[in-house]
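Q: next one to model:
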Amino acid sequence: MTSKQETVLNQIKNGLIVSCQAREGWAMRGSDIMAAFAKAAEEGGAVGIRANGEEDIRAISRKVKLPIIGICKIWDQDKRVFITPDFESAKKVIEAGASIVALDGTKRERPNGETLTSIIQGIHKNYPDILVMADISTFEEGVYASDCGADIVSTTLCGYTPQTSHINGFSYELVEQLVRHLAKPIIAEGRIHTKEEALKILELGCHSIVVGTAITRPEIITSWYVEELKKGKASPTA
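A: Numbering: from 1, shown residues only. Next up is the predicted model:
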């Protein structure tokens, strides 16, 4: 591991990484808006940012001095999402300003016959100071991604793959398994909605925590309040 990689890992250790992403059609879509979210996160004490696409990553890197976990989301014809599925997409993310590039760490087929191992090897060879993070959904995928050479393993996809679609909340069990068995930094991400949950997860031994929706999706946060009020728990005179 290079000194620059170690510096980035130390920067994000035990801290909060804020995911600043918005798809086309969402009210908050816009690279300038994502950069503003990232700046607000930095001012609030975040240790890193997760961002999607070259344009957003460039805008954010101009606005903040935090390490950026960069991804490139690609949707196939069945509307399934793939996270940085090949070397070319990883290259674009890195050259846009990411310190860490996150890849799909599952065993799904990738374009042009590439494999997770070959992509990671290509990144390490051409960009030796860049950390590679594998987004996985199961313990078995975490072991696989680690064996393929990933520097970091993240729980990002748990609940979002066919074999984990039955999981509705954050999987504490998955984190415990990964921390216990892998000698790699484990980053927790996915459906972490409160600061109490974040602390509980960090205390399991995670390197750091990623939160997105609960901070940067105002339409979802609003809907949580609206749905709770519909239950009649709020005072009618408030």
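Q: could you measure from residue 156 over to residue 30?
A: To residue 30, residue 156 is 23 Å away according to CB to CB, to the nearest Å. In short, each C-beta sits where N, CA and C put it, glycine included.
Q: residue 184: what secondary structure?
A: Put simply, residue 184 is coil when judged by DSSP: H, G, I helix; E, B strand; the rest coil.
Q: report the contact partners of it.
A: By CB atoms under 8 Å, 6 or more residues apart in numbering, residue 184 lies in contact with 146, 150-153.
Q: just those: which are in strands?
A: 152-153 (DSSP state E).
Q: JSON lines for the contacts of residue 184, including distance to residue 75, pLDDT and neighbour count?
A: Shown next, in JSON lines, are the contacts of residue 184 (distance: CB to CB, whole Å; pLDDT from 0 to 100; neighbours: other CB atoms under 10 Å):
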{"residue": "146", "distance to residue 75": "27", "pLDDT": "99", "neighbour count": "21"}
{"residue": "150", "distance to residue 75": "23", "pLDDT": "99", "neighbour count": "26"}
{"residue": "151", "distance to residue 75": "26", "pLDDT": "99", "neighbour count": "21"}
{"residue": "152", "distance to residue 75": "24", "pLDDT": "99", "neighbour count": "25"}
{"residue": "153", "distance to residue 75": "24", "pLDDT": "99", "neighbour count": "26"}
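Q: check what pLDDT residue 75 gets.
A: On pLDDT, residue 75 comes in at 78.
Q: now it: closest residue in space that isn't a chain neighbour?
A: residue 81 (5.5 Å; CB to CB, 6 or more residues apart in numbering).
Q: got it, and residue 29?
A: residue 22 (4.4 Å).
Q: distance of residue 2 relative to residue 34?
A: Counting by CB to CB - residue 2 and residue 34 are separated by 28 Å.
Q: swap that for residue 156, sorry
A: 18 Å.
Q: looking at residue 156 and residue 30, which is more packed in?
A: residue 156 (26 against 14; other CB atoms under 10 Å).
Q: pretty sure that one sits against residue 102.
A: Yes - checked against CB atoms under 8 Å, the pair residue 156 and residue 102 is within contact range at 7.2 Å.
Q: any idea how many residues pack against residue 9?
A: 19.
Q: typed the wrong thing, it's residue 93
A: Neighbours around residue 93, by other CB under 10 Å: 27.
Q: equivalent analysis for residue 147, please.
A: Neighbours of residue 147 under the rule other CB under 10 Å: 11.
Q: distance of it relative to residue 122?
A: 17 Å.
Q: swap in residue 174?
A: Using CB to CB, one gets 28 Å for the distance from residue 174 to residue 122.
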